[in-house]
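*Asks:* Here is my input, please return the structure:
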Amino acid sequence: MDKILRINMGAQGGPKFAEAPIGEFAGLGGRGLTSTIVAREVPPTCHPLSQENKLVIAPGLLSGTTAAMSGRLSIGCKSPLTGGIKESNSGGQPSQVLARLGYAAVILEGKPEGDDLYRIFINKDGVTITVDNSLKMLGNYAVVEKMQKEFGDKIACISIGQAGEMKLAASSIACTDMEGRPARHAGRGGVGAVMGSKGVKVIVLDDTGTSVRQPKDPDKFREANKIFVDGLRKHGVTGEALPAYGTNVLTNILNEAGGYPTYNFREGRFAGASKISGETQAALEFDRGGVPTHGCHRGCVIRCSGIYNDKDGHYISKQPEYETVWAHGGNCGIDDLDKIALMDFIDDDTGLDTIDTGVAIGIAMEAGVIKYGDSDGAISLLKEVGKGTPMGRILGSGAAVVGKVFGVERVPVVKGQAMPAYDPRAVKGLGVTYATSPMGADHTAGYATATNILKVGGYVDPLKAQGQVDLSRNLQIATAAIDSTGMCVFIAFALLDLPETFQALLDMLNAHYGINLNADNVADLGKTILKLERDFNNRAGLTKEQDRLPAFFKLQQVPPHDVTFDITDEELDQVFNF
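*Replies:* Here you go, the predicted structure:
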């Protein structure tokens with residue numbers, strides 16, 4: 001990964017590309033690289049859909065190697081949803097393929113004139129940019145199918161659906177999985193709209209003829225990877241719960257804890273939770289010939305994904321993740337897994353963030369557009385997005401916009417981004433992360449649920465304010481660093497509890513690059529990334545006044561614990577006092 005590929009979509013005479021050595025960006029990958037480039041090169045006050053914004057696509061520091069869990073991709077830009085900096089993270093094959101092609105980052109710059117749509121093909125021989133208006137207003141599945149017919153089934157694709165093409169603020173970017181399905185998504189922040197603004201429908205990647213990236217010290221790398229994998233397999237979360245039941249194992253756990261947001265954050269428990277739980281989902285997948293345990297990219301050993309079939313054994317969607325099951329399920333009063341899986345497929349095909357879209361539907365339900373529990377009505381609303389109708393464009397613009405359009409007070413967003421599946425009144429560490437992360441409400445930015453609920457890395461009482469600021473701060477620092485390696489954030493469970501597993505990660509980085517990182521260096525990297533991101537946001541006009549939860553979380557108690565979010569603004573302002 002020694003090259004940066006810049007593609008100027010607005011160049012005179014048509015799009016042009018240029019490759020350059022990584023140069024000043026050496027030592028950075030993933031989120032560290034996307035946020036650094038965006039912070040340095042994108043004017044913070046620019047319009048997110050303007051030619052001044054850039055879309056940065058970067059594999060992690062260990063992507064393309066034999067390191068387990070190293071296939072996450074970071075996509076960065078100024079967010080159309082939050083108005084601040086964004087790093088959106090995805091699994092799938094593109095990160096490994098890009099890294100093996102030698103690219104530390106692909107940067108889409110400029111903006112084409114006219115309304116032509118482009119596809120970009122990248123392999124070991126170079127880059128080809130082609131007008132392809134046959135792709136207009138196609139869903140991700142149809143786009144990928146066309147690319148596979150032309151380039152073969154060994155390719156990986158990065159694409160947008162109709163939502164990104166229409167430049168809707170809740171649009172995602174799809175990445176193909178090991179089966180070639182566009183089922184893994186950089187979902188958050190409207191990154192699909194930025195790709196759409198550049199006129200790019202799909203980036204096709206082919207690493208045929210390339211080889212795995214080789215470490216400087218193969219023996220030490222191999223041994224460290226073995227210790228790392230052993231740690232992941234013996235930890236209760238990464239070695240047992242996630243492989244058996246997927247991320248949706250959390251439904252029963254959060255519901256029992258009273259932190260499962262129900263009916264647009266009115267309640268903390270959902271009566272139908274057992275019908276849509278990970279345990280129920282895995283059993284259903286097994287009975288129907290689906291796959292309850294599956295990796296989303298080469299090198300995944302946690303294998304928390306799956307394939308969900310209908311009652312006749314036909315594919316509906318990838319196994320819906322916990323956040324998706326909650327957003328379209330308990331949040332909306334829906335307890336039918338088949339309907340939720342269909343909504344997941346529509347989201348993936350249209351190119352929508354399942355979290356923001358599910359929360360948007362919940363808000364529409366509160367406004368009386370359809371009733372809570374109306375799964376068919378929710379599916380009909382989702383289909384409106386792909387059609388580009390006025391209602392569809394409203395929903396595809398995200399929860400904050402839907403709340404404004406329909407005059408709803410209880411709109412669970414921070415910096416314009418919808419909250420995921422943990423009520424911040426009952427999981428207060430995550431409430432701190434929601435409020436203060438530069439990314440807007442984002443559970444993956446500092447996953448306090450690990451310590452608040454799962455008691456990983458110690459225990460901080462989720463219902464009490466004490467200790468939550470320190471917990472969120474430390475997790476945000478660690479997560480920013482992990483996001484730079486290309487590693488899945490779920491490795492954090494084992495890292496928090498098993499010191500030898502964390503050391504093995506350091507040893508892999510050191511063996512690969514011939515360096516001598518220690519724990520302090522990792523923390524410094526995380527702090528540097530967060531400082532860059534916060535500085536960008538400040539220059540974009542986002543101040544500490546935006547590091548807050550909506551007022552209703554302080555004023556309205558959530559049952560069953562009847563608690564509010566009682567961490568003060570002054571305490572929130574201490575999160576980034578490194």
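
*Asks:* before we move on, what SS does C157 have?
*Replies:* strand (DSSP: H, G, I helix; E, B strand; the rest coil).

*Asks:* Checking I120 next. Helix, strand or coil?
*Replies:* With three-state DSSP as the criterion, I120 was assigned strand.

*Asks:* Closest to the centroid, which residue in this protein?
*Replies:* Geometric centre of the chain, nearest residue: N89, 4.0 Å, by Cα atoms, centre = their mean.

*Asks:* Is it correct that it falls within a strand?
*Replies:* Yes: counting by three-state DSSP, N89 falls inside a strand.

*Asks:* hang on, it packs against D483?
*Replies:* Yes: taking Cβ atoms under 8 Å as the definition, N89 is a contact partner of D483 at 6.2 Å. From N, CA and C alone the C-beta is placed, and that goes for glycine too.

*Asks:* shared neighbours, those two?
*Replies:* Counting by Cβ atoms under 8 Å, 6 or more residues apart in numbering, the residues touching both N89 and D483 are R31, R72, S74, V489.

*Asks:* And the closest residue to S88 other than its chain neighbours, how close does it get to L73?
*Replies:* Excluding its sequence neighbours, the residue lying closest to S88 (Cβ to Cβ, 6 or more residues apart in numbering) is A186, at 3.8 Å. The spacing between A186 and L73, counted by Cβ to Cβ, to the nearest Å, is 7 Å.

*Asks:* buried residues in the top helix by length along the chain?
*Replies:* Assignment by DSSP state H gives helix 519-539 as the longest helix of the chain. Going by neighbour count (16 or more other Cβ atoms under 10 Å), the buried part of helix 519-539 is 522-523, 525-534, 536-537.

*Asks:* which residues does L49 contact?
*Replies:* P80, K167, A193, V194, S197.

*Asks:* Show me what the host helix or strand of the fourth one packs onto, helices and strands only.
*Replies:* Translated: V194. According to DSSP states H and E, V194 maps onto helix 191-197. Contact here means 3 or more Cβ pairs under 8 Å, 6 or more residues apart in numbering; DSSP states H and E; on that basis helix 191-197 packs against strand 55-59, strand 73-78, helix 162-165, strand 173-175.

*Asks:* So which residues make contact with that helix?
*Replies:* Taking Cβ under 8 Å, 6+ apart as the rule, helix 191-197 contacts 48-50, 53, 55, 75-80, 86, 88, 108, 111, 160-161, 163-169, 171-173, 351.

*Asks:* pLDDT of that helix, averaged?
*Replies:* Helix 191-197 shows a mean pLDDT of 98.

*Asks:* Among the contacts of helix 191-197, name the buried ones.
*Replies:* Buried, going by 16+ other Cβ under 10 Å: 48-49, 53, 55, 75-80, 86, 88, 108, 111, 160-161, 163-169, 171-173, 351, out of those.

*Asks:* quick one: buried residues of stretch 496-509?
*Replies:* Buried-residue list, stretch 496-509, by 16+ other Cβ under 10 Å: L496, D497, L498, T501, F502, Q503, A504, L505, L506, D507, M508, L509.

*Asks:* for those residues, which one is nearest S211?
*Replies:* S211 has its nearest neighbour among the buried residues of stretch 496-509 in M508, at 18.3 Å by Cβ to Cβ.

*Asks:* ok, for the closest one, nearest residue in space, not its chain neighbours?
*Replies:* Per Cβ to Cβ, 6+ apart, closest to M508 is A224, 4.5 Å.

*Asks:* Please pull out the lowest mean pLDDT helix or strand from this structure.
*Replies:* When each helix and strand of the chain is scored by mean pLDDT, DSSP states H and E, strand 291-294 comes last, with a mean of 84.

*Asks:* Show me what it is packed up against.
*Replies:* Using 3+ Cβ pairs under 8 Å, 6+ apart: strand 291-294 touches helix 242-245, helix 278-287, strand 305-309.

*Asks:* next one: that strand to chain centre, how far?
*Replies:* Remark: strand 291-294 is offset 20 Å from the chain centroid, using Cα atoms, centre = their mean, to the nearest Å.

*Asks:* Which residues outside it are in contact with it?
*Replies:* The contact list for strand 291-294 (Cβ under 8 Å, 6+ apart) reads 243-246, 281-283, 285-286, 303-307, 319.

*Asks:* JSON lines for the buried residues of helix 519-539, including pLDDT and distance to A67?
*Replies:* Formatted as JSON lines, the buried residues of helix 519-539 follow (pLDDT from 0 to 100; distance: Cβ to Cβ, whole Å):
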{"residue": "V522", "pLDDT": "95", "distance to A67": "16"}
{"residue": "A523", "pLDDT": "96", "distance to A67": "21"}
{"residue": "L525", "pLDDT": "97", "distance to A67": "17"}
{"residue": "G526", "pLDDT": "97", "distance to A67": "19"}
{"residue": "K527", "pLDDT": "98", "distance to A67": "24"}
{"residue": "T528", "pLDDT": "98", "distance to A67": "23"}
{"residue": "I529", "pLDDT": "98", "distance to A67": "20"}
{"residue": "L530", "pLDDT": "98", "distance to A67": "24"}
{"residue": "K531", "pLDDT": "98", "distance to A67": "27"}
{"residue": "L532", "pLDDT": "98", "distance to A67": "25"}
{"residue": "E533", "pLDDT": "98", "distance to A67": "25"}
{"residue": "R534", "pLDDT": "98", "distance to A67": "30"}
{"residue": "F536", "pLDDT": "98", "distance to A67": "30"}
{"residue": "N537", "pLDDT": "98", "distance to A67": "32"}
